[in-house]
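S.K.: sequence below, structure please.
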Amino acid sequence: MKLVSAIITVIIISAILENFLPWWTIAPVAFIVSYLFKLKWYQAFLAGFLGLFILWAGMSFFIDHSNEHILSDKVSVLFFKSVKPMALIIMTGVIGGLVAGFGGLAGSFLVKK
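M.R.: Numbers count the residues shown, from 1 in each chain. Okay, here's the model as predicted:
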């Protein structure tokens with residue numbers, strides 16, 4: 001239950017702060033949430049990773065779907081020679097998830113056992 005609460009907290013705080021601060025604020029958010037919830041190292045990484053994967057992949061899907069895949073088609077041809085738009089959405093979620101996951105992992109190492 002603590003893990004689910006941490007994931008939801010990471011999603012909500014990151015979604016709010018991304019509107020005002022740079023993208024990398026996701027790492028300090030996951031760091032602080034992992035520290036405050038006193039998560040174990042694997043729970044902290046999972047909370048950060050899943051929280052940001054869900055947030056960024058969901059936002060990417062919503063934006064991509066609302067403009068009928070125009071930008072993702074052009075980006076996929078430019079960089080990857082024709083990758084499906086869904087693959088770009090998954091890559092976006094994985095990148096955000098890894099940044100937040102490592103931020104959460106660092107926060108869990110700060111907790112005294």
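S.K.: low-confidence ranges, the chain, go.
M.R.: With pLDDT under 70 as the threshold, the chain has low-confidence stretches at 113.
S.K.: so Phe37 makes contact with Ala6?
M.R.: Yes - if you go by CB atoms under 8 Å, Phe37 and Ala6 touch, sitting 4.7 Å apart. Glycine gets a C-beta too; all of them are placed from N, C-alpha and C.
S.K.: hang on, Val33 packs against Gly107?
M.R.: Yes - using CB under 8 Å, Val33 is in contact with Gly107, at 7.1 Å.
S.K.: centroid-nearest residue for the chain?
M.R.: For the chain, the residue lying nearest the average C-alpha position, counting by CA atoms, centre = their mean, turns out to be Leu52 (1.8 Å).
S.K.: before we move on, back to that, give me the common contacts of Phe37 and Ala6.
M.R.: A shared contact of Phe37 and Ala6, defined by CB atoms under 8 Å, 6 or more residues apart in numbering, is any residue touching both; here these are Ala47.
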